[in-house]
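what's the 3D shape of this:
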Amino acid sequence: EKNSLWRSVGVGGVFGTVDATQMKTNGDTNIVNNGFVTGNGFTGGIVGNLFTTDTSVSQSLTGLRNNGTVSAGANYKGDTAGDARSLVLGQFFGGIAGYGRGVTLQGCESVTRSDLTETQLKEQVEAGFDKKTGTLTDASPLKGDFVGGLVGYGKEIVLNGCKTGKGYVLGSRFVGGLAGGFTGSGIQKNDTNSSDVFGNRYVGGIVSVNGSNSKISGMTNTGLVAAFGKNAAYVGGIVGVNDADWGGSDDKTAKATVQNCANRMSGDNATDTRRINLLKELSISAGGYADYVGGIAGCNGKNGVVTWDTSTPTLGAILYGNNYVGGVAGYNDVNAKISNTSGRNLTISGQIVAAGKAVGGMVGLNCASTLPSATVTVSRVAGQQLVGGVIGANLPVGSFTVADGGALKTDVASGRVEADAVAGGIIGYNRL
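Reported below is the predicted structural model:
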């Protein structure tokens, strides 16, 4: 078993390992994978391991497209004893590249698991859930760490004009619609992630974790994003976690930035109802919902910045979670910042439903001293306790203000706030 695991590392639908210094592409390049690709580490629809040995020039690749399914054949083995122990196996799976470093992907596209039906997905998730322990087993399709619709893990890379189509991005931890993990990297002028993204921990519609000196700009997510199983946590429409402490940088001024991004529902009532039902059924099959769930970021952590300065900040998402659930952020840290200088009102619609505490139309649990003005028009904000139309629990360190003399508003005519205890139209629990 040990040898067979290692034989499946560095697997690509076209190339196994590529030094981008030796790879030239242009507008006529058309490299496509249509097949099923599976491996146990460094596995990609086009290339398993993509890097560059020449860092003096920018290596840009274009014309790469994956239409096939990329799946993890093994879970991460680094925290298990015995012959299977490894810090590599079970990591880095992507629609284009399992692992990428020092390159720019320009206009690349991927659609994974597009032929998987909702019925098949529900059956597979249920079959891979151990009801006794509440954990996901190796039979679960939610397998592998650092799983991305385009890149499993990206270090010092740029995704420019890339997108994922309708399908499923499935993994265990660090799962993202475009990238599973991301440090010192950026997403610029990108289109939309349309894939549904499901995992267990650190799950984002665009990137699982946005870390030190990384920036995501101009992205829209229209896919469902959720996490299931024991200890499920950190789920965001754009990023599961937005925190500059991630990535190992020594730069004390480093920021993790999400700029001019949006998370939106389909706008079609029948489609949105079907998607809500899918979330409910998956949660029943795989042990409930996750903690720290947000429309933009599940956790907006240390030096995390969520900002709008040009685009109209209109959000509308289906968010189902357990504790700490919010339309923008599930948790907003004392050292984090949410701002809006676009000159347009921040508006949040959709549904925000939780089984636990600290649930808000904008932020579930807020510890920051300042938030931008916002209007919440969601059809439903629901939780057990500490539920607010805008903020579930407001616990700032020191004073609290709404930026630029603005206001927090809820349109009570369009929705409702539901709780067993401690609820408010604007703020469920406020401690200053």
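
tell me the SS of the nearest residue to residue 380 once chain neighbours are set aside?
In this structure, residue 380 finds its nearest non-sequential neighbour in residue 351, 5.0 Å apart by C-beta to C-beta, 6 or more residues apart in numbering. No exception for glycine: its C-beta is placed from N, CA and C like everyone else's. Secondary structure, DSSP: H, G, I helix; E, B strand; the rest coil: residue 351 is strand.

can you map out the helices along the stretch 151-300 of the chain?
Secondary structure of the stretch 151-300 of the chain (DSSP state H, counting those that start in this stretch): helices located at 269-285.

Give me the below-cutoff pLDDT ranges for it.
189-191, 248, 266-268 (pLDDT under 70).

can we see that at 90?
By pLDDT under 90, the low-scoring segments of the stretch 151-300 of the chain are 155-156, 160-161, 181-192, 211-215, 246-253, 264-276, 280, 283-288.

thinking again about what came up before, quick one: the residue nearest to residue 380 and residue 295, what's the gap?
Distance, residue 351 to residue 295, by C-beta to C-beta, to the nearest Å: 11 Å.

where do the contact lists of the two overlap?
Counting by C-beta atoms under 8 Å, 6 or more residues apart in numbering, the residues touching both residue 351 and residue 295 are 317, 319.

returning to that earlier point: identify the residues contacting the residue nearest to residue 380.
Residues in contact with residue 351 (C-beta under 8 Å, 6+ apart) are 276, 317, 318, 319, 320, 378, 379, 380.

What is the end-to-end distance of stretch 166-177?
11 Å (C-alpha to C-alpha, to the nearest Å).

Could you number the chain from 15 rather than 1 from now on?
Sounds good: first residue 15 from here, last item stretch 180-191.

for that stretch, the distance to its chain's centre please.
8 Å (C-alpha atoms, centre = their mean, to the nearest Å).

For it, buried residues please.
In terms of neighbour count (16 or more other C-beta atoms under 10 Å), stretch 180-191 has its buried residues at 181, 182, 183, 184, 185, 186, 187, 188, 189, 190, 191.

Bridged to the fourth one, which residues?
Beta-bridge pairing of residue 184 under DSSP bridges involves residue 212.

could you measure it against residue 246, distance?
For residue 184 relative to residue 246 (C-beta to C-beta), the value is 14 Å.

before we move on, what about the third one?
For residue 183, the distance to residue 246 under the criterion C-beta to C-beta works out to 16 Å.

which SSE is residue 41 in?
Using DSSP states H and E, residue 41 falls within no helix or strand.

In contact with it, which residues are there?
76, 77.

picking that back up, which of the contacts of residue 365 fall within helices?
Among the contacts of residue 365, the residues falling in helices (DSSP state H) are residue 290.

Flag the least confident of the contacts of residue 365.
Least confident of the contacts of residue 365 in the model: residue 331, at 81.

I figured it hits residue 279, correct?
Yes: between residue 331 and residue 279 there is a contact at 6.0 Å, judged by C-beta atoms under 8 Å.

Those two - which one has more neighbours?
Using other C-beta atoms under 10 Å as the criterion, residue 331 and residue 279 rank with residue 331 on top: 28 against 19.

and which of the contacts of residue 365 is nearest residue 220?
residue 331 (13.1 Å; C-beta to C-beta).

any idea how far the closest one is from residue 144?
To residue 144, residue 331 is 30 Å away according to C-beta to C-beta.

Closest to residue 30 out of the buried residues of stretch 180-191?
Using C-beta to C-beta, the buried residues of stretch 180-191 come closest to residue 30 at residue 185, 20.9 Å.

Need phi/psi at the closest one.
Here is the backbone geometry of residue 185 (degrees, to the nearest 10): phi -160, psi -170.

Contact partners for residue 188?
Neighbour list for residue 188: 159, 160, 161, 167, 194, 195, 213, 215, 216, 222, 223 [criterion: C-beta under 8 Å, 6+ apart].

Would you mind giving the secondary structure of the third one?
I take that to be residue 161. strand.

follow-up on the earlier one: which neighbours do residue 331 and residue 279 share?
With C-beta under 8 Å, 6+ apart as the test, residue 331 and residue 279 both reach residue 364.

picking up where we left off before, can you name the residues bridging to the residue nearest to residue 394?
Beta-bridge partners of residue 365, counted by DSSP bridges, are residue 332, residue 394.

What of residue 74?
Going by DSSP bridges, residue 74 forms beta bridges with residue 118.

First-to-last residue distance for stretch 198-216?
The first-to-last residue distance of stretch 198-216 comes to 18 Å (C-alpha to C-alpha).

do you know how far the nearest residue to residue 370 once chain neighbours are set aside is from residue 302?
What sits nearest to residue 370 in space, not counting adjacent residues and going by C-beta to C-beta, 6+ apart, is residue 337, at 3.8 Å. As judged by C-beta to C-beta, residue 337 and residue 302 stand 11 Å apart.

who has more neighbours, the two?
residue 337 (24 against 17).

and that one, that's in a strand?
No: counting by three-state DSSP, residue 337 falls outside a strand, being coil.

so how far is the first residue of stretch 116-132 from its last?
Using C-alpha to C-alpha, the end-to-end distance of stretch 116-132 comes to 37 Å.
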